[in-house]
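Trainee: Pasting the sequence and the predicted coordinates here, then a few questions.
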Amino acid sequence: MKTMLIATALMALTAGAGLSQTVRMGTEGAYPPYNFINDAGEVDGFERELGDKLCEMTEMTCEWVTTDWDSIIPNLQSGNYDTIIAGMSITDERMQVIDFTQDYFPATESAYMALNDGVDITSAVIAAQTGTIQASHVAEGGATLLEFATPDETVAAVRNGEADAVFADKDYLAPIAAESGGQLVMLDADVQLGGGIGMGLRKSDTELKAKFDDAITAMKADGSLNEMITKWFGADAVTF
């Protein structure tokens, strides 16, 4: 059955082989290990490797574009790039304005990080990045939301005492806490949000969506997507 799935997906991928094109991949470049800028000044991370692989499979050329998170959807709609591949969770609210491929990363937990484990997250000041599912979750609760444009700023707000805790993807926060030498701690209050992470596209780009969906299906079927997830997020990462 798995062999049939791979064969079917690969046939769909090669059906439009004559339509070779350049695809501009929009990302933030500030959310490791999903995406970040390396020492050479280039986009790097899990999504860079994945995006390049998907373009290779669909016989297209990737061109990487970085943008601020708070303008990432408007810039897609304006045509500044063709996809969003930036750790963006699939939500009903976002699907009202853009489309998504199937998830290329399973739904994972969001988490809180603070200077100590005595923070009451129900009434504390919580930092979160603007326009994220984490910011929306805090806003709907009893805590005070403090929004910032970048993930780095949310962590800095905790370090300097401006916020009691930061709320973000656990995959992003856990390495920061581990490397802090005990200055930052993860709170035992994980929350499941979103429906997995997918690639955002304009609703009109149905052919492009289909090609990437077929490629993701093939990577799930042959296990290469799980291998890539484990490479970047560790052996304990949630996989398909």
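Mentor: Happy to help now that I have it.
Trainee: Point out where this structure drops to low pLDDT.
Mentor: Applying pLDDT under 70 to the chain flags the ranges 1-20.
Trainee: And the strands in it?
Mentor: 22-27, 30-31, 35-37, 43-44, 61-66, 83-84, 99-105, 109-114, 125-129, 144-148, 165-169, 185-186, 191-192, 197-201 (DSSP state E).
Trainee: Dump the ones you listed into CSV; add distance to residue 225 and mean neighbour count as well.
Mentor: From N, CA and C alone the C-beta is placed, and that goes for glycine too. Formatted as CSV, the strands of the chain follow (distance: least, C-beta to C-beta, whole Å; neighbours: other C-beta atoms under 10 Å):
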stretch, distance to residue 225, mean neighbour count
strand 22-27, 17, 21
strand 30-31, 19, 22
strand 35-37, 16, 19
strand 43-44, 18, 20
strand 61-66, 17, 16
strand 83-84, 17, 26
strand 99-105, 7, 21
strand 109-114, 19, 22
strand 125-129, 26, 26
strand 144-148, 31, 18
strand 165-169, 18, 27
strand 185-186, 27, 18
strand 191-192, 21, 11
strand 197-201, 12, 25
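Trainee: Redo the ones you listed as TSV? Include distance to residue 92.
Mentor: Output for the strands of the chain, formatted as TSV (distance: least, C-beta to C-beta, whole Å):
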stretch	distance to residue 92
strand 22-27	21
strand 30-31	22
strand 35-37	24
strand 43-44	29
strand 61-66	27
strand 83-84	17
strand 99-105	11
strand 109-114	17
strand 125-129	19
strand 144-148	21
strand 165-169	19
strand 185-186	29
strand 191-192	16
strand 197-201	13
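Trainee: quick one: which of those strands is nearest residue 236?
Mentor: strand 109-114 (12.0 Å; C-beta to C-beta).
Trainee: List the pairing partners of that closest one within its sheet, with orientation.
Mentor: strand 165-169 (antiparallel), strand 185-186 (antiparallel), strand 191-192 (antiparallel) (DSSP bridges).
Trainee: Let me have those strands in JSON lines, adding distance to residue 76 as columns.
Mentor: Output for these, formatted as JSON lines (distance: least, C-beta to C-beta, whole Å):
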{"stretch": "strand 165-169", "distance to residue 76": "21"}
{"stretch": "strand 185-186", "distance to residue 76": "32"}
{"stretch": "strand 191-192", "distance to residue 76": "26"}
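Trainee: of the ones you listed, which approaches residue 39 most closely?
Mentor: Per C-beta to C-beta, nearest to residue 39 of the strands paired with strand 109-114: strand 165-169, 23.5 Å.
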